[in-house]
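Engineer: predicted model and sequence below, questions to follow.
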Amino acid sequence: MRIFTDSQNRTIELTVDDKSIARVKRWVHVDLTLPYEIVGHGADRMPLLSAMQLDVPLLASVLSWLCFPSLLSHGISAEDFWELNDAGMLPAAQAAFFHEWAAFFKKPSWRVGNLVTAAVEFATQPV
C-alpha cells in the first residue's frame, strides 16, 4: 500500500493486489498482470507499461479503481475523483502506482516477478 494526498489534503491509499487488479480489469478492461500487453487504438497503441506513463486518461482511470476503497471512505466516487483534484496530485499518484506495481511483481507468488519488476523499475527511471 502507498499513500498520497489530494488537493484537499485527504490521505488516499493506493493498493496493487489481486482484488484491486480485478477491479481495474472489470471496470477499465486493463490487465495489470500483463505490463507488455498492447493497449490503445490505432496510432496510440503501445504496451501497457508505456501507456501508464503517457496516457493520462488511462492512468487516471486505473488509479481511481486502485484507490477505490480509500475514495469510498472519503465519500468520493471513482468517476468524481479526478474532477476534484488538480494536476499537482498526478505525479505523486503515478509514483505511488509504479512503486506499488513493482512491489506486486516481487511477491513470491508471482512467476515472472523479477523480469517484470526490472522492467517496471527501469521505466520509472528519470530520462
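Structural biologist: Received it, and whenever you're ready, just let me know what you need. Quick caveat, the model's predicted, so the values are computed rather than measured.
Engineer: wouldn't Thr33 be in contact with Ser20 here?
Structural biologist: No: contact criterion CB atoms under 8 Å: Thr33 and Ser20 do not qualify, at 11.5 Å. (C-beta placed from N, C-alpha, C; glycine too.)
Engineer: settle it for me: which of these two has more neighbours?
Structural biologist: Ser20 (21 against 15; other CB atoms under 10 Å).
Engineer: in contact with the more buried one, which residues?
Structural biologist: Trp65, Leu66, Phe68 (CB atoms under 8 Å, 6 or more residues apart in numbering).
Engineer: among the residues you listed, which one lies nearest to Ala93?
Structural biologist: Proximity of those to Ala93 was ranked by CB to CB; the top entry is Leu66 with 9.2 Å.
Engineer: so what's Glu79 up against?
Structural biologist: Ser64.
Engineer: use 450 as the first number from now on
Structural biologist: Okay, residue one is now 450; in that scheme the one you just asked about reads as Glu528.
Engineer: the one helix or strand it maps to: which residues count as buried?
Structural biologist: Assessed by DSSP states H and E, Glu528 sits inside helix 527-530. Using 16 or more other CB atoms under 10 Å as the test for burial, helix 527-530 gives Ala527, Phe530.
Engineer: and what of stretch 450-458?
Structural biologist: Buried-residue list, stretch 450-458, by 16+ other CB under 10 Å: Arg451, Phe453, Asp455.
Engineer: and it, C-alpha only, in PDB?
Structural biologist: Only the C-alpha atoms of stretch 450-458 are listed here, as PDB (Å, rounded to 0.1, in the frame of the first residue of the first chain):
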ATOM      1  CA  MET A 450       0.000   0.000   0.000                       C
ATOM      2  CA  ARG A 451       1.200   3.500  -0.800                       C
ATOM      3  CA  ILE A 452      -0.200   6.800   0.300                       C
ATOM      4  CA  PHE A 453      -0.500  10.200  -1.400                       C
ATOM      5  CA  THR A 454      -2.700  13.300  -0.700                       C
ATOM      6  CA  ASP A 455      -5.200  15.000  -2.900                       C
ATOM      7  CA  SER A 456      -5.700  18.800  -3.300                       C
ATOM      8  CA  GLN A 457      -7.900  18.900  -0.200                       C
ATOM      9  CA  ASN A 458      -5.200  17.200   1.900                       C
END
